[in-house]
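[1] Predicted model, plus sequence, below.
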Amino acid sequence: MIHNKKLLSILVAFAAVFFIALPVSAHVTVNPSQSTTEAWETYQVRIPVEKNVDTTKVTIKIPENVEFKMYAPVDGWKTTTTTDDNGKVATVTWEAESEDTAIKAGQYRDFTFRAQNPKEPGDIAWDAFQYYADGSIVEWTGDSDSELPHSITSIAQSNETVDSHGHSHGTDEATDDTADDHHAADEDTEHSHEGTNVNTILSIIAIVLSVVAIGLTFIRKK
């Protein structure tokens, strides 16, 4: 009986270590992940808290070929921008005005802004910097296969033309293509949320297994 308990304890501990080793982090994302050239797009920045420490500030770098237009105000957060030598907005920063409005552990917050996409198709990368209350900074600036990847938006060619007010004009085919792009982006966002939920479940399982392993170890000693 004791040997069986010992074997079970080892197996549970091994399983716990295995689950803990899996990636359970939620990345900073910018959605939609697909859009079209010259479109006036509404982008949503999602900031999850991965530590047991509040997130107090986040900065997003605006790609050089993207024209930042405006942002949506967030209660309890101050929004500031910086510009380059040409007067173009280069970064957008959201900062909590107090401890009460900071993003707590286990929470996330969305920030929204409008920007005009580049004229040429291709991928645009969103470098993000997440600031924690303990002074640490997580830089989401790596490639897609890195530990801290930046979010990517794929820009497809559009047959529409966009006027100075952000109104698009084009054929029905172009409208259909744009609708398909946004549908695909919504699916990507949904898949991203599903992935976050799976990671959370795996993290909980790992903790439970660890507790069980510790309990069995005490029983075996008795």
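    Noted; the coordinates are in hand.
[2] And stretch 35-46, end to end?
    End-to-end distance of stretch 35-46: 17 Å, with CA to CA, to the nearest Å as the criterion.
[3] same question for it, mean pLDDT?
    The pLDDT scores in stretch 35-46 average 98.
[4] Adjust the sequence numbering to begin at 95 for everything that follows.
    Fine by me, first position is 95 from now on; the one you just mentioned is stretch 129-140.
[5] Now do the strands in this protein.
    Taking DSSP state E, the strands of the chain run over residues 123-125, 128-130, 134-142, 149-155, 161-165, 171-177, 183-190, 202-210, 216-220, 222-226, 231-234, 245-250, 255-256, 262-263.
[6] Make CSV from those strands and add distance to residue 196 and mean neighbour count to it.
    Where you see a C-beta, it was placed from the backbone N, CA and C, and this is true even at glycine. Putting the strands of the chain into CSV (distance: least, CB to CB, whole Å; neighbours: other CB atoms under 10 Å) gives the following:
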stretch, distance to residue 196, mean neighbour count
strand 123-125, 20, 23
strand 128-130, 31, 22
strand 134-142, 11, 19
strand 149-155, 5, 21
strand 161-165, 19, 16
strand 171-177, 9, 14
strand 183-190, 4, 18
strand 202-210, 9, 18
strand 216-220, 22, 16
strand 222-226, 9, 20
strand 231-234, 15, 16
strand 245-250, 22, 20
strand 255-256, 37, 15
strand 262-263, 38, 13
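[7] Could you tell me the least trusted of these?
    The bottom spot among the strands of the chain, by mean pLDDT, belongs to strand 262-263, with a mean of 54.
[8] burial measure for residue 122, as a count.
    Other residues near residue 122 number 24, with proximity taken as other CB atoms under 10 Å.
[9] Kindly report the same for residue 242.
    When neighbours are defined as other CB under 10 Å, residue 242 has 15 of them.
[10] Quick check: the gap between it and residue 134.
    Distance check for residue 242 against residue 134: by CB to CB, to the nearest Å, it reads 29 Å.
[11] same question, residue 246
    Here the criterion is CB to CB. By it, residue 246 lies 20 Å from residue 134.
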